[in-house]
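*Asks:* sequence first, predicted coordinates after that:
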Amino acid sequence: MTVDCDTIISEINRCETCAGGLPNPPRPILQYGKNCSVLIIGQAPGIKAHDSMKPWNDASGERLRSWLGISHNTFYDENKVAIVPMGFCYPGKGKSGDLPPRAECAPQWHDRLITKLPLHVTFLIGQYAQKYYLKDELTLTDRVKNWRSYQPDYFVLPHPSPRNNIWLKRNDWFENEVIPEIRYQVAKLLPDT
């Protein structure tokens, strides 16, 4: 039996699998349209996204939109961009930033959702998404340096958080070499950005 996207999204919105391990009641946050050509797989919503129920609704999201070369309106158009984090709910605060995404979400939901998309490009943002999908032991820096080896399936990116400003300064090749190619690929898929 094939389950449609609306049914899966409805199930996700009612999910309470990890409710006991969250600091707040579950509020799954994702953006999904069955005709999207761009998929963003990041970590988990931050507290601002949790409070607003809008993914990437913070400084990280501003930087990500800049990296992709798309407008706020295009980014939040569910017919163009799907946003499916590794963990759908805010995981809580850790010693140095948010806690990792809950491990239950991706195995429970990703295959059911992502296989239904007619994707053209997937962005794996940060170590959690990259480890899950790429199944390798490389560091994030090594993956991003070798970004061409993941083409055409994936673009691998560091997390756009302001906490990564030091990484970006040390690895200025990322903004000089990788970002222009990302913008080129996205502009081909979303020409009216």
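*Replies:* Yes, it's here. Model, not experiment: these values are computed from the prediction.

*Asks:* CA atoms for contacts and neighbours, from now on please.
*Replies:* Will do.

*Asks:* and the helices in the chain?
*Replies:* 5-14, 47-52, 59-68, 72-75, 105, 111-114, 127-134, 140-145, 165-170, 173, 179-189 (DSSP state H).

*Asks:* so what's residue 105 up against?
*Replies:* Taking CA atoms under 8 Å, 6 or more residues apart in numbering, we find residue 105 in contact with 86-88.

*Asks:* need the residues you listed in a markdown table (columns: pLDDT).
*Replies:* Below are the contacts of residue 105 laid out as a markdown table (pLDDT from 0 to 100):
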| residue | pLDDT |
| --- | --- |
| 86 | 98 |
| 87 | 97 |
| 88 | 97 |
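
*Asks:* for residue 165, state which of these is nearest.
*Replies:* Nearest to residue 165, judged by CA to CA, of those is residue 86 at 22.6 Å.

*Asks:* mind checking how far that closest one is from residue 44?
*Replies:* 6 Å (CA to CA, to the nearest Å).

*Asks:* tell me how far stretch 84-97 is from the chain's mean position?
*Replies:* Distance, stretch centre to chain centre, for stretch 84-97: 12 Å (CA atoms, centre = their mean, to the nearest Å).

*Asks:* stretch 98-110 now?
*Replies:* 12 Å.

*Asks:* so what does the helix or strand bottoming out on mean pLDDT in the chain touch, helix or strand wise?
*Replies:* Within the chain, no helix or strand scores below strand 97-98, which has a mean of 88 by mean pLDDT, DSSP states H and E. With contacts taken as 3 or more CA pairs under 8 Å, 6 or more residues apart in numbering; DSSP states H and E, strand 97-98 sits against no other helix or strand.

*Asks:* tell me which helix or strand comes right after that strand.
*Replies:* As assigned by DSSP states H and E, the chain's next helix or strand after strand 97-98 is helix 105.

*Asks:* circling back to that earlier point, common neighbours of residue 86 and residue 44, please.
*Replies:* By the contact definition CA under 8 Å, 6+ apart, residue 86 and residue 44 are jointly contacted by residue 101.

*Asks:* show me which of those two is the more surrounded one.
*Replies:* Legend: neighbour count by other CA atoms under 10 Å for residue 86 and residue 44, higher for residue 44 (30 against 26).

*Asks:* hmm, that one is touching residue 101, no?
*Replies:* Yes. Applying CA atoms under 8 Å, one finds residue 44 in contact with residue 101, separated by 5.2 Å.

*Asks:* name the residues contacting each of the two.
*Replies:* Counting by CA under 8 Å, 6+ apart, the common neighbours of residue 44 and residue 101 are 86-91.

*Asks:* residue 32: neighbour count?
*Replies:* Using other CA under 10 Å, residue 32 has 22 neighbouring residues.

*Asks:* isn't it right next to residue 83, touching?
*Replies:* Yes. Applying CA under 8 Å as the test, residue 32 and residue 83 come out as touching, 6.3 Å apart.
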